[in-house]
Structures are given as structure tokens and as C-alpha cells.
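A.B. asks: what's the 3D shape of this:
(chains A and B)
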There are 2 protein chains.
Amino acid sequence: MCTPIGGLLTALVMVLGTAGELAPIPRITWEHGEVPLVHFRVPGIHNYSALLLSEDKDSLYVGAREAVFAVSALDISKKQHEAYWKVSEDKKAKCAEKGKSKQTECLNYIRVLQPLSTTSLYVCGTNAFQPACDYLSLPSFTFLGRSEDGKGRCPFDPAHSYTSVMVDGELYSGTSYNFLGSEPIIARNSSHSPLRTEYAIPWLNEPSFVFADVIRTSPGDAGYEDDRVYFFFTEVSVEYEFVFKLLVPRIARVCKGDQGGLRTLQKKWTTFLKARLVCSQPDSGLIFNVLRDIFVLRSPGLKEPVFYGLFTPQLNNVGLSAVCAYNLSTAEEVFSHGKYMQSTTVEQSHTKWVSYSGPVPTPRPGACIGREARAANYTSSLSLPDKTLQFVKDHPLMDDSVMPIDNRPRLVKKDVNYTQIAVDRTQALDGTVYDVMFLSTDRGALHKAVSLKDGVHVIEETQLFQESEPVQTLLLSAKKGRRFVYAGSNSGVVQAPLAFCGKHSSCEDCVLARDPYCAWSLHAATCISLQQTEGASRGLIQDLSGDASTCPDVSTASPRQHFLKHGGTAELRCSQRSNLAQVVWTFQNGVLKAESPKYGLTGRKHLLIFNLSEGDSGVYQCLSEERVRNRTISQVVAKHLLEVKVLSRTPVVPTLP
Amino acid sequence: MCTPIGGLLTALVMVLGTAGELAPIPRITWEHGEVPLVHFRVPGIHNYSALLLSEDKDSLYVGAREAVFAVSALDISKKQHEAYWKVSEDKKAKCAEKGKSKQTECLNYIRVLQPLSTTSLYVCGTNAFQPACDYLSLPSFTFLGRSEDGKGRCPFDPAHSYTSVMVDGELYSGTSYNFLGSEPIIARNSSHSPLRTEYAIPWLNEPSFVFADVIRTSPGDAGYEDDRVYFFFTEVSVEYEFVFKLLVPRIARVCKGDQGGLRTLQKKWTTFLKARLVCSQPDSGLIFNVLRDIFVLRSPGLKEPVFYGLFTPQLNNVGLSAVCAYNLSTAEEVFSHGKYMQSTTVEQSHTKWVSYSGPVPTPRPGACIGREARAANYTSSLSLPDKTLQFVKDHPLMDDSVMPIDNRPRLVKKDVNYTQIAVDRTQALDGTVYDVMFLSTDRGALHKAVSLKDGVHVIEETQLFQESEPVQTLLLSAKKGRRFVYAGSNSGVVQAPLAFCGKHSSCEDCVLARDPYCAWSLHAATCISLQQTEGASRGLIQDLSGDASTCPDVSTASPRQHFLKHGGTAELRCSQRSNLAQVVWTFQNGVLKAESPKYGLTGRKHLLIFNLSEGDSGVYQCLSEERVRNRTISQVVAKHLLEVKVLSRTPVVPTLP
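C.D. replies: Below you'll find the predicted structure:
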């Protein structure tokens, strides 16, 4: 029964021991300006937080503060259209009277940008704390001016959380319903059947909304005969207790066919159920209980959609992020067959949530109306018995948790705060399928990571934005051969290719990148993007294990020649890029100790040779030594031939290119 | 009611914003061998985990694996005595039969080393999983061979936690009571009145024992008329719940006069009460719930003892430590007047601990027998009513928590795992009193930190042990003028002075160290230790705010001269030590950009000048710029005079000292 201090210390050492695993370093860091990125920003316009892609039209719609733009999805610097939606001075003044800032808060932040039809978008904005919605006609790119009440669709406060999804012309939203932001709501905004959540702690307890999407029923799907809308959020837990309020990530589900109850739950969801999303690593005490973003990965190769969740910890978060992936069926199983939780009152004043073990009414509370219910003559939620409705009203929280695939995070990264995630499923040259994770940071960077056999490999880090600012939105385009990642921030939008294959100048570098998008072309003698090649893999070299042994031998390449004078100093340059590699200099094939008085290093890679004499003449090689899966791969990055001569007294420039 | 994602993100950014506060860098790093340290180790002997100081005898007793030593407290390299206590081969074999390692576990680890009288020590060891105790006669330094059963005084397993304190010849211990370590116990090992804890989860739930000490009642102390023994440990909480088992730090208290109950709690504590020790920073989600060490600070200047607690987090601990300090009276108040917790059963199977709000019996359960109890004719715990005894048996846990001084940590440090703490209360030159914290790490280093007006200042980091190994014990000596810190590890014991004042070579450096132990002597023109000076502060400069403006002007010091030849390279050295300072090079009073093609830096501080010409002749100065409290203090660390001449062709050594 005793957990000895020894045990605790062992656990601690273990955590430290895995620090390497928790801190996978991006192999290459691309500074802003080093790689080709396309930017979109309009002077005076801020907060480019809503992005919507139309693959048909090759257009990217951008919702910013007081404006909506259409830009070319292939080159976002090309603005196609713009529409402004500003707050009147009168409204601004009223908003300011309520104590809000005229310069920042009392403006119109576009928060909903959803496709309504092929010719129109549905747009909502905070509108100086008076949320409103309107229709944007695409042909004319003008607002129709039908200013609808945005309450329950869009938050009042631009600082408040929100999410929405358009399903068959009806907007499903998660937001706050009042000025203070104190009344959370998950609603269907529909003219014929509007529905909402109960305003009660067991339903929603100080939620931060993160994401929503619809999961369609496939025609052959026997069990689920209704489309479901999933909501993802973080809320204050009722089931846990610690020194202070504990947050918990939730997945909630409603059915599209829900029409509310007849008496009980009238105009309220009869299918609202929620469950815990678990993302933790018990061995090392890592617990990620703040959900930041969700990406739904759909692919012809996948039997079912996979939810990729991006998490951070609430407790002791000094820079930790994690990714956990969930199968749709795991969540469905919890909602369809899991246990419910129930609250009981302890000693008059305390509430404790425990597993409910009593009888469950039929039809099952919270279930969509399916074949079975219809067979029992329950044709709609309106005809459900009070017993079922009262039960779901009191028991919206499941006792079973939704566990991640493999019961553990896909990625844990120290010293970074990720803000958004997008995932692409791609096939490497050898046919193996990889889920490539694009993760944006709170400092304007993008990490590209992939799970390999030997652990998570962060292929590269790209500084998307010049300033260190949080990336607010991340989007992937799916069109074959023309694929990009789009990122929105407060200052603008950036378009980046999925890979920078061409930047790898040698076959070794191309292979060591371990980037499933890139392969070395023997024919072209360049590192090319597989996206842009058609079929034939002949003459291409790629190896996700980093084995570069099939690369052609280039050791015969002739060295750069330098003639330098006696007594001078030489600087021999080496353009090594990998953060995972070490630089080793050799002279006439012997390894040099760079920190001796004769030699020095600048920038940790370029070699300085002081006080040149004839004996320093010869061949110098800069080797990059990179450890991959317990093997060290050594490649010659630079080769210099030095000739020292006693020349005339005129000084020679000692720095060599 | 809504916690918007905005709010969460703000909190996150705040945490990052305070990263500087969480990562105070030690101003100076002393590598092993750079400062004078005294070592004690005996070949073949490991695990020097028990240290006991006799200030009278100027002796340090060292308990290691299978041996006890006496060394000089003034120079621990001087061994005075040794006594070995080895496990017989027979016992070793029996231990190995039970599946334990003969080489490591089946040995005798000294775990109790307590003073019994002026002429003897009480010593217990794990004794190959058969814990035993013996008496060590100090005059002869031999064991008396009265091998007592050590069960309940010393753990069976060297990996298990333990603590003990000798009070008036009786050993109070916290350890495990059986081979498996599954039965925790807090006991008084006494011939006339042995007492122990109940074997029940509410009393002790998988505890890791950390520390124990006695608090004596002062004669004038009206409220507490009995000495109390405090125990500190971390255990599995019954009152909290999260995704996995939560640990909680505890302070527990028993009264020395306790004699157990007559019927209820016979031979058990009637005064065992425990409470939560809180060490957290709610704003930033930091929660330190694993107690590592306690130091009791007593000082004539302090009204009451202060408990300094060293903590780490259980959750998401990727290198975080904190120090919280507690007033004795805060703990006493919780035990004397605080609310109790009680457990209730929820839905048959669950237990929930809630605040007890019913009537509390008289005399107050768990209270020491004091004046009031005696007045009511309760002269001993044996005469207490069953009602009081039954209550304390069922309610050993207090509902009120023991909060730290100022309700927040004294220090939070990122990227380090502290193992032990010792605190010294010292007076600076201006009369201000500082609590100097000595904190050992799991990598063999010692940090010395002090709370200043502008936050925590880590004065220096000293690598005590050559190897990176956890420091297991830390001890401070108190004798005036001869004060040391002693540290024990697996490999040996190290003795270090409290400060390395003499290593600060300039007045600025001495003042910028902001070390309350050090001051600059104008007379001696050296940085001296205040410990070694008597009274007179005249001619001494110290300023804990780092204001070095009263230091004498040394800018007139003459520079080092160098003669170099045309076309060569110069390396000008600068011996800057502070990790908080930046190096700036000037040439003829203009600031140099070190990374231009003309200049380079090696080791981030020494200046390289390439391709020397006559124009490079002149005065170069290396300035150290250190920011202290939003002021930048600039001091000249090195001054060089360069003369470049067109000399003969013989090469000149380009590296200058």
C-alpha cells in the first residue's frame, strides 16, 4: 500500500529520462523569408480569424474584423472581392457606454462564415456586442442587408469562444447567449425546428467551445440512421475535484432529426449527450485537460473519420502540448452503450457525480430515432415518453470516457504551445500511409510532424508570420497537385506549400528530411515533391527510416579552391541545416578539434584557421553527422582545398564564401 | 459563468509571460573544481544518506551503507572514527531467497542516526530486509551489539521512505511496518508507552515520509502545554479525484504526552491529526502536490519556527520545483480550531470526504492534554471519554488547509528538480534580514537563492559532485564564523562554505553578486565574507539592490598591451562570469558589432579581429552589462591596447592571453 519516496523519485527520473521524447526538435528551422510563402493582408484590417475554402471555385474566403474577402486559393495575394460590414457610430457609442472599448471591442468581428448555397455565405459578427447575421451574395459579393439577430449564433464579446457548422441550411452553433457571456448554449438555429440546450450546470458548465462538425450516416450504416452533429469544448468538470476548479475536455453529440420533446424538453435537445475526451500519459503524470482544437480526418483509406485533438494541460503548464486521436466509433460506442453519470447530494450541500447503475428507460435516453425506435412506434423525438426525456435531461453526462487510439497521445511536445491542428493522410513512395500533422504555434510558426517507427519526427518548423503572434486558424486544401496550408492570425493570412522539397540540396539531405512528401529524383538530381509527380516512382529515392545508403556517391565532387597567404586567417564555410546533426571538420581525412588555439568555429559550423602556414595546405571537409534510429549518417556538406603561399604583403580578405 | 477560450488563452499567455519569473537563472555557475570544496568518501562505501552534526564536538556523523563515520565538521576529509555494520552471509542469502538483489538490496542501509546521549547514538539499518537497531558508543565508536528489532523504526526496503526524530530518548518514526512496505506507520518506540497509528486509509494512505521534528512548548506558552511532534509526508488523497490518483502533501501532529486510549485507541495515538499543506499558484495553474523536503527555520529573530517546504508537481512535471514557507501558528490554528473532514458513503459504493459540520465532542478530539482538559479532570489521554476518542479515530483529517505565508510560493523554478532544502537567516550589512535558501538538485548541484524586492535571485549554482547524481541530504552548520553546508549523495559527502566571496574580483562584481554574505572591503580591496568580519561595517560596500555606484572608480587602470603584425588575427580575452550579463566590446569608446566580417566572437565573449591593419590599433574594452531592477550596470571587465605594425615575416602567435 505504501508508495515510497523511492517510487516517486523513480517516477520523476523517468519523466526526466523521457525529456528527449517530450522535446523532439524540428529537424530544420525555416526562418521567415527563407522559404516561399504567400501573404494576404489589407492595411487597417485585423483579426483574420475565419477561413473558408471553396475548392470548386479555387477561392479562399477570409473573415476578418469588419470585412470579408475572397482571394485566389492558388495565390492568396490575389484579392478577388471584398465586402465591408462596419459598425455604425451610434452602435459603437452605445457599446462604449456599457464599458467596452470603442477601439477594440465595439467593432464587428466576423465569427461565423459558413457556406449556405453555391451562391451565398452565411456571415455573423459580434457587431459591437449586438451579434448579427447576414447573407453574402457571392456573385455580387455584397451583403443582402437582412440583419438577423445573431444571439445564440455568434458571441457578443470577441474574446468569447464560439463554434458553428452549417448542416443542410441550418446553423448549429456553440456560443454564449448573453452580453456577459455567462449563459452558454448549443443551438440549432432553424425556422421550423429551433433547438437549444437547457441552461443548467450538468448540461454546460463554463464551456470554451472549440469545434463542431456533422457526421453523415452512410446509407449502409445499420446502427445509426440519422446524421449527428458533434461539438467539442473544454468545460469546468463536475466529476473531479482538486485544489482549484478542474477543466475537462468534452465531446458532445446531437442528432439532426431531433425535434425536441412535446412537454418535457420542449424546444430543447432530446439527444444531447456528452462524454470526457481523455488525453493523458499516466506513467509520467502527464494530463492534457484543455482542448485547443479538433481536426476531423476523412480519407478514402479510412473506415471511419478520425478526430485529431490538440491539447494543453491546465495544471503546471509551462509549455506542453499533446495530440490525441480518436476513432468515431469509440465515441459512438460510449454514447450508444456507455453508462451514464448521475449526481447525488451528499450531506445536504455537496454534490457528487457517480456512475448511474439503476434501470435505464426505453427508448435509450439521448439516442437518435433509429430503426428500432421507429419499430416501437416512436417516429420522432416529439413522441418519446416523458421517462426517457426526464432521464436525459438529468443525465447528459456519460460515465464512460472516450479513450484515444492506442490509449495514449500521438505526440507530446515540450517547450511549445500549439494553437491549431490540421492533418493530412499521405502515401509515401513505398506505399506506407502516414498521417502528417501540421501544428501551428502561439508564436506564428508551423510544425510539420509525423509518427515514425522510432517515435515522433518533427520534419520542419516554418516561421509563417514575421511577428511572434498566435496562429488562430489553420486550413488544408485537398485539391490534388495544388495543395496548401493556410494560416490566419491577427495580422494576416499566409499560404504555404505542404513541403519545401526543393530546399534539400543533396540526396542525403532529401532522404534524411524523412518527409513523406519529398523524394530525390536521380534524373533531375533534385529533391522533388511527390505531389507534383505522376505515378512512376522509378528513379526516385525516399526512405522514411532515413537510410540514405542508396543515394549516389558524390564524394568525387571537386572541392572549392582557396589561395591564402602565410600568417593570415581562413574561414571555411559549411552550410549545414539540420538541427539534429553535428558538424565535424576533417583535414586530410583526420578529424580536427575545432576549439584548439589553431582552430575556431563561428556560428557553430564555419571553421576558422588562424596563423596559416604551408602545413595548413590540403583538403578540408565539413561532415554533417546525424543520428537516425541509433545509426549515425555522415555526409560531406562542404569540401575546401586550401593552398597557403608566402605571397606579397598586400592583405588578402580572410573571409571566404 | 462562461470561461471563454479567450480567457484560457490569456491565462496561457500569462504563464508564458512569467516564464522569466519561473526560470531565474543562477547568476554564476561554479563548475566542479572551480571553487574550494572538501570531500569525504571511503572506497567501497556507498549511499551516504544520513548526516548528523554535533556542534559541541565539531564532529559530523555520517551514516552510509554498512558503515557509520565520524569526521571533523571543520574539514570532513579528516576521518576521526569508523564503525562497520555488515550483514552476515547467512542473512544475505535468506534475503536473496525472497527475490531481492544480493548486491544492492540485501545490505544494511543506515536509515536512522539519532543522538541518544552525549556519549551514544541510536542507529537503525535495513539489515537485508530485517531492520535492526543498535547503540553506537561515541567514546569507543563501537556498536554495543544489542541488536533490537527495527520494525516500525526503519524500513525493510532501502527504496522505501522513512523519517525519524529522537525526543527525550524516545524514537518517533514514520516508515513502513512490513516486508512489502504496504503497511505504513507513525510510531513512538518507547518501552513504557509505545504508540502507533491505526492501520486504516483515513489515517495513512500510501504515504511517502519526508521529515519529522519536535516543537517544544515555551514555558510562557499558555495555549500549548505539551511538546508536539510534527510529521511531514505526501500521500494519496482521499478528498480529491482526477483522471488518476492524486497525491497531497500533509502535515501531521501528535502530542508528546499522548498515552493512547484506555479502551478505544488502546496503544494508538489519541492526538494524531493531519492537514493539507497547500503550495500552489492558482492564477497560473501551478500546483505543487508532492512534498520533497522540509527545513525548520528557527532563529532568535523569529517569533516562531517557520517550516520551509520543498515541492514538485505530480502532474505535468517536466522540471518544476517550488518552495513554500509556513508559520507554525498557522498549522497549530488548523489543528486547534479548524474543521474536521468526514467520509460519507454515496450510492452504496463510493466514498466522499466532506466538511464535518455536526457537533464536536469535548474535550476537542486530537487536542493535547492542556490546562483546560486537566481542569476538567482529564489528566491523561487514558482518561479521555470514548466519544472524543471514537471521533478522532474516524476524523484524523482536517478540512482546513495549512496555507503558506503570503498565500503563495516563495520561489518557483523551471527546468530543475530540487531534492533538499536548508535555510539560513542572515543579516545584511544594512541590518536587513534575509532567508537564504540552499537547494540541492538531482544532478549534484547546489543553488543559493534569496528573495529580494524585485523577485527571487539565484545567487549562484555550485556543482558539488563531479557526477550528475541526486543530493540526498543537506545540512547547515550554525556555529558562528565556521559555517558550512554539507551534502550527502550516493557517492560521498561534500562540505562547502556558505559563500565564495573571494571569487568576486572587483567591487562591482562583489556588489552585483547580491549575496548577503559578501561585501567589498575598501581597505583590503577584496570581496570578503561578512561571517569572518567582526562588527565594524566601515569601509565595506554591499547593496542587495545591486547598486554599485559607491564602488571606487577603477577606469584609470592601465590596459594590457599587445603588439601584432599586419594581416594577422587578434583574439582579445574577457573573463566575464555572470550568466545575467551581456558582453559588449568597444574600440576607442565606440561599440563594435562583433558579427561583422571584420570581427568575431569565440566562447560568446572573447573578441576576434581579422586581417589586422594599422587602423585597428587602439584601446579595446570589454564591458559587462548586467540588468538589475530595470537598471543596466556596465563595468569594464577587460581593457586591451593593440598596436599593429608591419613587422617581419615570422609568424606571431595570434591567440593572446
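A.B. asks: give the contact list for the closest residue to chain B within the stretch 451-600 of chain A.
C.D. replies: Nearest to chain B, among the residues of the stretch 451-600 of chain A, is A:Thr569, at 4.2 Å (Cβ to the nearest Cβ). For every residue, glycine as well, the C-beta is placed using N, CA and C. Neighbour list for A:Thr569: A:608-612, A:654, B:568-569, B:610-611, B:654 [criterion: Cβ atoms under 8 Å, 6 or more residues apart in numbering or on different chains].
A.B. asks: now A:Val354
C.D. replies: Counting by Cβ under 8 Å, 6+ apart, A:Val354 touches A:341-342, A:344, B:346-347, B:350.
A.B. asks: Emit the ChimeraX select command for whichever of those are buried.
C.D. replies: Buried residues among those (16 or more other Cβ atoms under 10 Å in any protein chain shown), as a ChimeraX selection:
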select /A:341,342 /B:346
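A.B. asks: Need the contacts of A:Val354 in TSV (columns: distance to B:Gly150).
C.D. replies: Shown next, in TSV, are those (distance: Cβ to Cβ, whole Å):
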residue	distance to B:Gly150
A:Met341	48
A:Gln342	50
A:Thr344	47
B:Val346	41
B:Glu347	44
B:His350	39
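A.B. asks: now, which of the contacts of A:Val354 lie within helices?
C.D. replies: Residues of these located in helices (DSSP state H): none.
A.B. asks: so of the contacts of A:Val354, which ones are in strands?
C.D. replies: Using DSSP state E, A:341-342, A:344, B:346, B:350 are the members of those that sit in strands.
A.B. asks: and which of the contacts of A:Val354 is nearest to B:Pro158?
C.D. replies: Proximity of these to B:Pro158 (Cβ to Cβ) peaks at B:His350, which lies at 37.3 Å.
A.B. asks: any weak-confidence spans in chain A?
C.D. replies: A:1-20, A:219-224, A:534-537, A:555-557, A:594-595, A:646-657 (pLDDT under 70).
A.B. asks: So which other helices or strands are in contact with the longest strand seen in it?
C.D. replies: Ranked by residue count, the top strand of chain A under DSSP E comes out as strand A:631-645. Applying 3 or more Cβ pairs under 8 Å, 6 or more residues apart in numbering or on different chains; DSSP states H and E, one finds that strand A:631-645 contacts helix A:507-512, strand A:560-565, strand A:570-572, strand A:618-628.
A.B. asks: Now mean neighbour count too, for the ones you listed, in a markdown table please.
C.D. replies: Putting the helices and strands packed on strand A:631-645 into a markdown table (neighbours: other Cβ atoms under 10 Å in any protein chain shown) gives the following:
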| stretch | mean neighbour count |
| --- | --- |
| helix A:507-512 | 25 |
| strand A:560-565 | 15 |
| strand A:570-572 | 21 |
| strand A:618-628 | 19 |
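A.B. asks: Kindly reformat the ones you listed as CSV containing distance to A:Phe295.
C.D. replies: Formatted as CSV, the helices and strands packed on strand A:631-645 follow (distance: least, Cβ to Cβ, whole Å):
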stretch, distance to A:Phe295
helix A:507-512, 28
strand A:560-565, 47
strand A:570-572, 46
strand A:618-628, 28
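A.B. asks: now for these, which one comes closest to A:Thr271?
C.D. replies: Closest approach to A:Thr271 among the helices and strands packed on strand A:631-645 is made by strand A:618-628 (49.9 Å; Cβ to Cβ).
A.B. asks: Show me what that closest one is packed against.
C.D. replies: Other elements packing on strand A:618-628 under the criterion 3+ Cβ pairs under 8 Å, 6+ apart are strand A:581-587, strand A:631-645.
A.B. asks: So what touches it?
C.D. replies: A:454, A:512, A:514, A:545-546, A:559, A:572, A:574, A:576, A:578, A:580-589, A:605, A:607, A:632-642.
A.B. asks: If we use 7 Å, what do you get?
C.D. replies: Around strand A:618-628, the neighbours that count as contacts under Cβ atoms under 7 Å, 6 or more residues apart in numbering or on different chains are A:512, A:546, A:559, A:572, A:574, A:576, A:578, A:580-588, A:607, A:632-642.
A.B. asks: of these, buried ones?
C.D. replies: Neighbour counting over the contacts of strand A:618-628 (16+ other Cβ under 10 Å) leaves A:512, A:546, A:572, A:574, A:576, A:578, A:580-581, A:583-585, A:587, A:607, A:633, A:635-640, A:642 as the buried ones.
A.B. asks: thinking again about what came up before, quick one: which of the ones in strands among the contacts of A:Val354 is nearest to B:Leu107?
C.D. replies: Nearest to B:Leu107 among these is B:His350, at 44.3 Å by Cβ to Cβ.
A.B. asks: List the residues that contact the closest one.
C.D. replies: A:352, A:354.
A.B. asks: SS state for the closest residue to A:Pro363 other than its chain neighbours?
C.D. replies: Spatial nearest neighbour of A:Pro363, excluding adjacent residues (Cβ to Cβ, 6 or more residues apart in numbering or on different chains): A:Ala373 at 4.8 Å. Recorded secondary structure, A:Ala373: helix (DSSP: H, G, I helix; E, B strand; the rest coil).
A.B. asks: A:Ala373 and B:Glu241, how far apart?
C.D. replies: For A:Ala373, the distance to B:Glu241 (Cβ to Cβ, to the nearest Å) stands at 36 Å.
A.B. asks: One more: A:Thr234?
C.D. replies: From A:Thr234 to B:Glu241 the distance is 18 Å (Cβ to Cβ).
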